[in-house]
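J.: Sequence and predicted structure are below.
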Amino acid sequence: MVGPVDWDNLVLDPCQNAFGEEVQWISSLYPDPISVTGIFDNGYKAMPLEIVDGLSPTHVTTADARLGVQISQFVSEPQQGDIFLIRGKQYRVREVQPDSHGAADILLNKADGENALSGHVPRKNSGITPDDY
């Protein structure tokens, strides 16, 4: 414990137990996937647009996939480029944002079209928006 409150045991553990789900972490440092618990959110957020003269503002949203994790679950901290398998879909770590209490918000990019082992991204031009993107 560092400080007056043991955030890891008193706050983060109960939150992960109540709201978390098991996900697979594929790190570039370890050969096998590792199971961890995280709180997944794939909600929508407003996307800021620059207003051009003569046009009225348009409301645009984008998906914002993220995983809230307890850092103490990991052998080493997740890194940009690592893969998470969540609810049958593959996500690549865009950014890891640790807080000052032992948790981190991991921002994710959808990576279903990638081969997790080689990083190869097959090109498809179907002209439609993928589900849940």
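T.: Received the coordinates, thanks.
J.: and for stretch 21-36, what are the contacting residues?
T.: 37-40, 67, 69, 73-76, 78-79, 81-87, 116 (Cβ atoms under 8 Å, 6 or more residues apart in numbering). No exception for glycine: its C-beta is placed from N, CA and C like everyone else's.
J.: and if we set it to 10 Å?
T.: Stretch 21-36 is contacted by residues 16, 20, 37-40, 67, 69-70, 73-87, 90-93, 106, 116-117, 119 when judged by Cβ atoms under 10 Å, 6 or more residues apart in numbering.
J.: List only buried entries from those.
T.: Those of these that meet the buried threshold are 16, 20, 37-40, 67, 69-70, 73, 78, 82-86, 90-93, 106, by 16 or more other Cβ atoms under 10 Å.
J.: beta partners for residue 109?
T.: residue 92 (DSSP bridges).
J.: Which residues are in contact with it?
T.: 63, 65, 90, 91, 92, 93, 94, 95 are the contacts of residue 109 under Cβ under 10 Å, 6+ apart.
J.: Out of the residues you listed, which two are the most distant from each other?
T.: Farthest-apart pair in the contacts of residue 109 is 90 and 95; separation 17.1 Å (Cβ to Cβ).
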